[in-house]
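Chemist: curious how this folds, go ahead:
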Amino acid sequence: MNEAQLTMKRLIAALILLAAVALLSACGGGESAALIDSAAETAEEVVDEAEAELEEETEVEPLDEAEEETEAEPEAEPDVEAEEAAPEVTTISHTLGETEIVGVPERVVALEWTYVEDLLALGIQPVGVADIAGYETWVNVQPELADDVTDVGTRQEPNLEAIAALEPDLIIGVEFRHAPIYEDLSSIAPTIIFNPYPAEAGPDQFAEMEETFLTIAEAVQRQGEASEVLADMEATFAEGYDQLEAAGLIGSEFVLAQAFSAEGGPQVRLFTDNSMAVQIFNRLGLENAWEGGFEQYGFSTVGIEALAEVQDANFLYVVQSDDDVFANQADNPVWNSLQFVQEDRTYPLGGDTWLFGGPLSAELVVEKTVDLLTE
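Modeler: Modelled structure (predicted):
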């Protein structure tokens, strides 16, 4: 019952009383008084009953504590801003497993020169590099390593304390040097390890170079830049091929060497077909004259005498200016008897032409080779 219904019942009670009074006036006597009393009683009962019904209908059962808390506390809305701000996690597969990298690495330590070059190609200056002096001696690519990069020891035995002091958010190493300290490196920062020297059943070293470059690009979220770098490299290959074709050199034979002095005499590395360097020359339309078979590191180590097997080919080589092994052979009759020596077909690529590098070194090898063979 609502307030309007209660008011109506009160009105009915009042009418009952009025009717009783009118009857009293008409009839008079004791019976009329009794009738009025009875009408008043009836009217009071009607009003009381109406009020009781209204009170019963409007009474609300109390909520228990749990219900009170539920109604008192509005449902929490999801924190959209917090979800959007959460850094992305990238999982990188590498030679020693998988590594999770949170966000975009900004402080990267590279423990192998190839990966230093890869970072520079992607527009990233590493904060730490192993053997900076050696890198600057053997590797000649643009952009150069910045002056404020910290040297973190040798490539074979990097200084873990120096690395940790740099507070890196990514470390890049090579399996044959850094597998034994992988756990130590990983305790400092997320670490990814690569193997640039696949087994015979695996890809050649050039294919591995490209794959690793793309993986590093993914780790630092520079995939777009990586695609551009590889496209530029392929364009350099195509241009070099066209120049050699114009010079009538497609299909000509070469032998590629890297040499240095060692105990017991000069050491000459002749590069095999599975090496990255020979794969680059093949893309230029040149043929490797050295039939050394598969070698894990992509080269056979020989003496000067072994060069007689490839003397008909063009001889391209890398030596340091302060250790020019071949210039020191002026009095060696074996060297002087070689056909490529007699015909002046020896071509120095320069000591800073890195034959184990990434895309930038590959372009440099092509440019220097084409210039030397076509001049």
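
Chemist: residue ranges with poor pLDDT in this structure?
Modeler: For the chain, the stretches with pLDDT under 70 are 1-85.

Chemist: return the set of buried residues in the longest strand seen in it.
Modeler: In the chain, with assignment by DSSP state E, the single longest strand is strand 253-262. Going by neighbour count (16 or more other Cβ atoms under 10 Å), the buried part of strand 253-262 is 254-259. Bear in mind the C-beta positions are built from the backbone N, C-alpha and C, glycine included.

Chemist: name the nearest of these relative to His178.
Modeler: Here the nearest of the buried residues of strand 253-262 to His178, counting by Cβ to Cβ, is Gln258; it sits at 22.9 Å.

Chemist: OK, contacts around the closest one?
Modeler: For Gln258, the contacting residues are 268-269, 271, 299, 317-319, 355, by Cβ atoms under 8 Å, 6 or more residues apart in numbering.

Chemist: ok, back up a step: using PDB, write out the CA atom coordinates for the longest strand of the chain.
Modeler: Output of strand 253-262 as PDB, limited to C-alpha atoms (Å, rounded to 0.1, in the frame of the first residue of the first chain):
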ATOM      1  CA  GLU A 253      89.200 -18.100 -61.400                       C
ATOM      2  CA  PHE A 254      90.500 -16.600 -58.200                       C
ATOM      3  CA  VAL A 255      92.100 -17.700 -54.900                       C
ATOM      4  CA  LEU A 256      91.600 -15.700 -51.700                       C
ATOM      5  CA  ALA A 257      94.200 -15.700 -49.000                       C
ATOM      6  CA  GLN A 258      94.700 -14.200 -45.600                       C
ATOM      7  CA  ALA A 259      98.300 -14.400 -44.200                       C
ATOM      8  CA  PHE A 260     100.300 -13.600 -41.200                       C
ATOM      9  CA  SER A 261     103.600 -14.500 -39.600                       C
ATOM     10  CA  ALA A 262     103.700 -17.300 -37.100                       C
END
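
Chemist: just the CA coordinates of the following helix or strand past it, formatted as CSV?
Modeler: Sequence-wise, the next helix or strand downstream of strand 253-262 (DSSP states H and E) is strand 265-271. C-alpha atoms of strand 265-271 as CSV (Å, rounded to 0.1, in the frame of the first residue of the first chain):
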residue,chain,number,x,y,z
GLY,A,265,107.1,-19.4,-40.9
PRO,A,266,104.3,-17.6,-42.6
GLN,A,267,100.7,-19.0,-42.2
VAL,A,268,98.5,-18.7,-45.3
ARG,A,269,94.8,-19.3,-45.1
LEU,A,270,93.1,-20.2,-48.4
PHE,A,271,89.4,-19.8,-48.3
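
Chemist: which residue is nearest the centroid of this structure?
Modeler: In the chain, the centroid-proximal residue (Cα atoms, centre = their mean) is Ala219; its distance is 1.4 Å.

Chemist: how about the nearest residue to that residue, chain neighbours excluded?
Modeler: Nearest residue to Ala219, sequence neighbours excluded (Cβ to Cβ, 6 or more residues apart in numbering): Ile92, at 5.0 Å.

Chemist: with the buried residues of strand 253-262 in mind, which one is nearest to Pro105?
Modeler: The nearest member of the buried residues of strand 253-262 to Pro105, counting by Cβ to Cβ, is Gln258 at 32.6 Å.

Chemist: measure the closest one to Asn314 for me?
Modeler: 16 Å (Cβ to Cβ, to the nearest Å).

Chemist: with Gln296 instead?
Modeler: As judged by Cβ to Cβ, Gln296 and Asn314 stand 26 Å apart.

Chemist: those two: who's more crowded?
Modeler: For Gln296 against Asn314, the residue with the higher neighbour count under other Cβ atoms under 10 Å is Asn314, and the figures read 21 against 12.

Chemist: how about that one, phi and psi?
Modeler: For Asn314, the backbone dihedrals (degrees, to the nearest 10) come out as phi -70, psi 130.

Chemist: that one against Ala247, yeah?
Modeler: No - when contacts are counted by Cβ atoms under 8 Å, Asn314 is not listed as touching Ala247 (12.0 Å).
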